[in-house]
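> Sharing a model prediction with you, sequence too.
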Amino acid sequence: MSLCLQSECRKLLSHKGEHDPYPSSAWAFMGAKDKDKLSKAGFATPRGGAKGAYQNHVLRSNKVIVPYERFRQAPLESYEDGYVIRLFPYQYFDGPGKVKADFSLPGAPQIGINAFVLYRTHDQLVSLPPLPEWRIRSLALNGQPVSERIAGAVDSGEFVLRIAALGAYAARIEGPPQGIFAPEYATENTNYLAKCMLAWLTAHTVDSPYVAAQAHHLQIILQEAGLFHPVEWEAMGLLRSGHTSCPLCMKHIKYAELHDQISFAEENSLLNASEQVENSTRSTVVNLFHLVPLTYSDIEHIPQNVAWGHAICNTKLGQRKCYPLAELISEGAKVGIVDETGVISTFGWIAQNLEMIRSPAGAVWIRIVEDHLSAEEQATIADFLEQYREQ
């Protein structure tokens, strides 16, 4: 079994019909609910996106919105599908009708060309109103207005309104969605390969209804792209003994968990969360998991960085890297407990930046907050603790 590769086609060599570099036929053996989960993993879906003028539930290979406060760190040249810079009125204006001097400098965002102003409140609209010549953002295709962002559509206009109702003031929602959440961006090719990775991991969950041979097309696609490394996946925690596992807790992932609704009943660390949250979320037990957090500075939705992981583990990890045990053993330092006699009992390995500790048996400790005390304050606390111990 081999790939066609003519015109970059990833269908099998004996295929019929047109060539396709992104064939969904690679996971055609899967059931409808698995295909749907893969499809959702390929979408950009920021929470509360509508009020930020974001597009929701669209492919990651779309135009992105880069906040003005982030645009100097964002990899603008890597957004192959385009970008637009979002500014709030206070970022653009010094006062009514007075544009800040920074926007006359070379390289500054240009409103109406590669940037727009987003109004979120009635007060902003009154205190820092749009310039007289400005118009609401709109889309046109071949010179004709269109209501949806489609291929070939061109943006025009300078500002967007996403203003909620307040007292006697009605809501004002004007201007189309401007793009997707930039950290979730991926090119069409990268997004496709990430879905191939997730499909392969789906087929290798515990009690999967599929056999390994059905995932062979996925395997050779990943091999051709230089991405099929099951030995490395074991070291990274994506696999354990050949079955898909959660990279954080390292427990095997059961196939049913891909679709079962989440429960908090067995989570000791969340205390009464089960009573507060149960049945109020439609999240599944297992969801898309990123080994490295999505940020504005790099494009991290890549096949080397995606896995299936427990939703609860995802929440606990937050915006941190998931350090594999093998990496901590090779690059970290041992961590232990010193008893009253000075004897040290080591129990795990800690990342060099002190962000995560892992034990060989699978326990994980994560730093919750950064140090915020001055050296003098830390010394004072250390003196107090020493006096307390002496008492």
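Everything's here; your move.

> Does R86 lie in a helix or a strand, and which?
strand 83-87 (DSSP states H and E).

> Give me the distance between the helix or strand just after that strand and the centre of its chain.
Note on strand 83-87: by DSSP H and E, the next helix or strand toward the C-terminus is helix 89-92. Here the centre of helix 89-92 is set off from its chain's centre by 27 Å, with Cα atoms, centre = their mean, to the nearest Å.

> same for helix 89-92, what does it pack against?
On a contact count with 3 or more Cβ pairs under 8 Å, 6 or more residues apart in numbering; DSSP states H and E, helix 89-92 meets strand 115-119, helix 122-127. Where C-beta positions appear, they are placed from N, C-alpha and C, glycine not excepted.

> what's the closest of the ones you listed to A44?
strand 115-119 (17.8 Å; Cβ to Cβ).

> Would you map the helices across this structure?
For the chain, applying DSSP state H gives helices covering 32-41, 89-92, 122-127, 188-203, 216-224, 230-236, 273-277, 311-317, 325-331, 375-390.

> Using CSV, please lay out those helices together with distance to T284.
Compiled in CSV, those are given as follows (distance: least, Cβ to Cβ, whole Å):
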stretch, distance to T284
helix 32-41, 8
helix 89-92, 38
helix 122-127, 38
helix 188-203, 12
helix 216-224, 21
helix 230-236, 22
helix 273-277, 14
helix 311-317, 7
helix 325-331, 26
helix 375-390, 43
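
> Of these, flag the one that's most buried.
Of the helices of the chain, the one with the most neighbours on average (mean count of other Cβ atoms under 10 Å) is helix 188-203, at a mean of 23.

> in stretch 87-104, what counts as buried?
Under the neighbour-count criterion of 16 or more other Cβ atoms under 10 Å, stretch 87-104 has 87-89, 91-93 buried.

> quick one: contacts for the closest residue to P183 other than its chain neighbours?
Sequence neighbours aside, L294 is the residue nearest to P183 in space, at 3.8 Å (criterion: Cβ to Cβ, 6 or more residues apart in numbering). L294 sits next to 183-184, 300-301 when contact means Cβ atoms under 8 Å, 6 or more residues apart in numbering.

> separation between L294 and P360?
Distance, L294 to P360, by Cβ to Cβ, to the nearest Å: 30 Å.

> Please apply the same query to V117.
54 Å.

> Nearest to L59, out of the helices and strands packed on helix 89-92?
L59 lies closest to strand 115-119 among these, at 21.7 Å (Cβ to Cβ).

> mind checking how far that closest one is from the chain centre?
Centroid displacement of strand 115-119 relative to its chain, using Cα atoms, centre = their mean, is 24 Å.

> out of the contacts of L294, which are buried?
With neighbours counted by 16+ other Cβ under 10 Å, the contacts of L294 contain buried members at 183-184, 300-301.

> Just the buried positions in stretch 202-214, please.
202-205, 208, 210.

> swap in stretch 284-301?
Per 16+ other Cβ under 10 Å, stretch 284-301 contains these buried residues: 284-291, 294, 296, 299-301.

> Mind picking the two most distant members of these?
V285 and Y296 (29.6 Å).

> of the buried residues of stretch 284-301, closest to Q261?
Once Cβ to Cβ is applied, the member of those that ends up nearest Q261 is T284, at 6.5 Å.

> Could you give the bridge partners of the closest one?
Note on T284: beta-bridge partners by DSSP bridges are Q261.

> I'd guessed it sits against Q261; true?
Yes. Between T284 and Q261 there is a contact at 6.5 Å, judged by Cβ atoms under 8 Å.

> Please save the CA atoms from stretch 282-296 in PDB.
Presented in PDB, the C-alpha positions along stretch 282-296 are these (Å, rounded to 0.1, in the frame of the first residue of the first chain):
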ATOM      1  CA  ARG A 282     -21.600  19.100  27.200                       C
ATOM      2  CA  SER A 283     -17.800  18.400  27.200                       C
ATOM      3  CA  THR A 284     -16.700  14.800  26.700                       C
ATOM      4  CA  VAL A 285     -14.400  13.000  29.000                       C
ATOM      5  CA  VAL A 286     -11.600  13.100  26.400                       C
ATOM      6  CA  ASN A 287     -10.900  16.100  24.100                       C
ATOM      7  CA  LEU A 288      -8.200  17.600  21.900                       C
ATOM      8  CA  PHE A 289      -5.000  18.100  23.900                       C
ATOM      9  CA  HIS A 290      -2.000  20.200  23.100                       C
ATOM     10  CA  LEU A 291       1.400  19.200  24.500                       C
ATOM     11  CA  VAL A 292       2.600  22.800  24.200                       C
ATOM     12  CA  PRO A 293       0.100  25.600  24.800                       C
ATOM     13  CA  LEU A 294      -1.300  27.700  22.000                       C
ATOM     14  CA  THR A 295       0.200  31.200  22.000                       C
ATOM     15  CA  TYR A 296       0.300  34.300  19.900                       C
END
